[in-house]
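Colleague: Provided below for reference: sequence and predicted model.
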Amino acid sequence: MRDDTQPSVAAEHDLEEMVASSDTGARKPLGMPGKLLVSIAAAWSLFQLWIASPLPYLVGFGVFNATETRSIHLAFALFLAFMAYPALKRSPRDRVPVQDWLFAAVAAFCGAYLFLFYSDLAQRAGRPITQDVVIGVIGILMLLEATRRALGPPLMVVAAVFIAYSLFGPYMPGILAHRGVSMAGLINHQWLGTQGVFGIALGVSTSFVFLFVLFGALLDKAGAGNYFIKVAFSLLGHLRGGPAKAAVVASGMTGLISGSSIANTVTTGTFTIPMMKRVGFSAEKAGAVEVASSVNGQIMPPVMGAAAFLMVEYVGISYVEVIKHAFLPAIISYIALIYIVHLEALKAGMKGLPSSNPPRPWLMKLFTFATGLVALILLSLGVYYGLGWLKPLLGDAAPWFIAVLLALVYVGLLKISSFYPELEMDDPKSKVLTLPQTRPTVMVGLHYILPVVVLVWCLMVERLSPGLSAFWATVFMIFIMLTQRPIIAFFRGRSQPAEDLKEGGKDLWDGLVTGARNMIGIGIATATAGIVVGAVSQTGVGLVLADVVEILSGGNLMMILLLTALLSLILGMGLPTTANYIVVSALMAPVIVLLGQQNGLIVPLIAVHLFVFYFGIMADVTPPVGLASFAAAAVSGGDPLRTGFQAFYYSLRTAALPFLFIFNTDLLLIDVTFVQGIVVFVIATVAMLIFAAGTQGYMLTRSRWYESILLLLVAFTLFRPGYWMDRIHDPYESVPPAQFAEALERVDEDSNLRVQIAGENNFGDAITTYVLVPVPAGETGEERLERLGMELYVDGDQTLIDFVEFGSLAQDLGFDFDQEIIEVLAPVNRWAKEWMWIPGFLIFALVVMLQRRRRQREQDTEAQASA
């Protein structure tokens, strides 16, 4: 009798095809072509490790500049795209046709053109010859075809539209018209410079993304992926609806090292979805939980589907800052998803899976957890301050000492691991009814945490670049893959060094190949998205789009945000996350910032970029194209569209967060202290749990419609208390523009003035916008105005800017000569906005009281019926 909780053979084949077609390439040629394919993939990984390492500079060989490395990177991606991705569905999978060999060679040559002829191109910069134009045209055509194969038609169509827009600008209707560019100008901008294909996006793919993807592939091949899943199930599988909670945690941990929502869905879903169905989840809900948690893996630092590294370049802040701003919403979103799963389990009266752990009272469990947490904190502080004390003492010998210490810790953890049985890969066809014990499961793979610790240490403490940090973490990961088997076998008294080293070497080779094949789509996507970015910078279409959005929205900021979210979803339905983020951030992020300033809302750039990124990843969930939903449905046997709609319903919390942190940047930890950050985290988490209860229609018992509305109102109040406080008391008072200096003198140094100015943009168009002016130090208003770097003069009723000092704060803020100051808004003393939390919690207490009474009546009725 067939177990309907497991995918059929046909479904498994479809799953492999889906992951291959979206991530690694569906073609697996036999014989020599197959060996050549994997060898070139491994060579790409080794090249990326070489350029990331200090070795080229130490030996004085193989040193490439940024443009050359991008060119070689794209050449590898193009060659492998034509080798690994068939042209059509009916194209052969077990061999490479002759035309694909030809396309691969031509595309690789065009991609490597900037590297091969770098000196000649540098001498004729901006003056392409016929050869350059021909190579550029062929290169763009090859790139578009590689994009169609690896990523599907949508991104290819979007890039082709922008190329056509660049060439045929004079023939465009109305405000879309521009003077157009010549073919030579297009190729010079898009292919021969660093404004288009070889721009920032491809540079980030070359410098950072590849190494993080490779690191994740090696970690998975070493066994960490299976370890994360087993640990999550051993810890949570016995709870009510436990498999679903374990699925959320496992997908979150896998998302730390994976940039693909589809691969995450399939990797963890083949194990988690059948387990969820066993405890009572329907096929659609089991698939939806996996989709929601896997897609959320892309908002989880440190990789964030490669977007974290792109934000570093686009926003102009450090990688550590990006991680700090992105961390809190990601954690809150995952906590809320676990709570949603808990509510689903309560509604259906589900139980957990049988646990093999010895029974222990809750007090003992709590004590054990607290002891472990304190020990971890003390260990972290000891390592941080201990190494901080040793580094100055040891001087140049410090790195060697730390390396030896790390090796000793690694060997010690392997010694501990040897006392426990190995984790075996689970067969999804077997009926697993008893969960693994927690202690042996956790202890057997603790050494997998060390490379992540090395990565975080290099990033956060040593403040190395993301690329160099990933390099050292990857080097340590390679060391682990080669040595873990021989050392554990030695401790277990059954050592076969040659065989164990051979197995480790095979895992390493597979990891190098898998990492490179996972990067094909990302490399192609960043290059093709660069065409859109190049077209925006060459044609000025961004300003046109701002006018269009302003007309459609009527200048209403909420409508602007809704239009941007909708555009992100539409583009994301066919574009991979990385390309979608690049395209939408290039088109819409400046629009939100510009129109927001004109309408009085000054939004930090990082908040805008996270906004478009969140809605870009939502496209992997949203029907009718949500690929992750189709993958989950193939595992669960459920309906793909129903799975997608259910996953979108579960993901409402992820869709709500961007709107909240646009209006309340405390959620992104912008300008908050450590204590404030803790308070924000606690309150925001409670607010998101209340929001989840409101949208799910269940808290202590099934909610009445008015209770759901009250819960949503409470959640909004906790998330954005300033909205209600602004209605009670205006946060600013209007000061006459002529009294600008007096306003500067009256407010504290750590405050800001909001100044409305009227002037012209770079194209001579009249604009009115707001500027947030930080108040500089100074005894008097005139002194503070001087430190801002500008002078004013009053002409009748007008206050005009007479002078702006070059390189001053005023110039950085956007002030310019002859602008008129329309209004000055100074902050006023009022109650802190957090006082609005009190009525919010009182309303929440009312709902809790109502539901507790109703639940008690329901329990009494059930008891009487059973009696």
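Modeller: Nice, thanks for sending it over. Residues are numbered from 1 along each chain as shown.
Colleague: residue 465 - how many residues pack around it?
Modeller: A total of 16 residues lie near residue 465 under the criterion other Cβ atoms under 10 Å. The C-beta positions use only the backbone N, C-alpha and C, and glycine is treated the same way.
Colleague: can you list the domains in this structure?
Modeller: 9-151, 203-521, 542-726, 732-829 (automatic domain parsing).
Colleague: which one of these lies nearest to residue 843?
Modeller: domain 542-726 (5.3 Å; Cβ to Cβ).
Colleague: the closest one: how far from the chain's middle?
Modeller: Counting by Cα atoms, centre = their mean, to the nearest Å, domain 542-726 is centred 14 Å from the centre of its parent chain.
Colleague: quick one: low-confidence parts of the stretch 201-350 of the chain?
Modeller: 255-260, 302-306 (pLDDT under 70).
Colleague: for the stretch 751-867 of the chain, that is, sorry about that
Modeller: Across the stretch 751-867 of the chain, the ranges flagged by pLDDT under 70 are 761-765, 867.
Colleague: and the helices in it?
Modeller: 781-788, 809-813, 837-866 (DSSP state H, counting those that start in this stretch).
Colleague: any idea how far the host helix or strand of residue 733 is from the chain center?
Modeller: Secondary-structure element containing residue 733, defined by DSSP states H and E: strand 732-735. Put simply, strand 732-735 sits 39 Å off its chain's centre (Cα atoms, centre = their mean).
Colleague: re the thing from before, adding distance to residue 866, write the domains of the chain out as TSV.
Modeller: Converted to TSV, the domains of the chain look like this (distance: least, Cβ to Cβ, whole Å):
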stretch	distance to residue 866
domain 9-151	42
domain 203-521	14
domain 542-726	18
domain 732-829	61
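Colleague: quick check, residue 66 in contact with residue 202.
Modeller: No - assessed by Cβ atoms under 8 Å, residue 66 is found out of contact with residue 202, at 9.9 Å.
Colleague: compare those two and say which is more crowded by neighbours.
Modeller: More crowded of residue 66 and residue 202, by other Cβ under 10 Å: residue 202, with 29 against 13.
Colleague: what sits against the more buried one?
Modeller: When contacts are counted by Cβ atoms under 8 Å, 6 or more residues apart in numbering, residue 202 is found next to 70, 73, 74, 523, 526, 527, 530.
Colleague: how much space separates the first one from residue 77?
Modeller: To tie it back to what came earlier, the one meant is residue 70. Counting by Cβ to Cβ, to the nearest Å, the gap from residue 70 to residue 77 is 10 Å.
Colleague: one step back: for the helix or strand that the strand holding residue 733 is followed by, name the packing helices and strands.
Modeller: Sequence order places helix 740-746 as the next helix or strand after strand 732-735, per DSSP H and E. Applying 3 or more Cβ pairs under 8 Å, 6 or more residues apart in numbering; DSSP states H and E, one finds that helix 740-746 makes contact with strand 752-760, helix 781-788, strand 820-827.
Colleague: may I see the ones you listed arranged in TSV, with mean neighbour count as well?
Modeller: Shown next, in TSV, are the helices and strands packed on helix 740-746 (neighbours: other Cβ atoms under 10 Å):
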stretch	mean neighbour count
strand 752-760	19
helix 781-788	18
strand 820-827	19
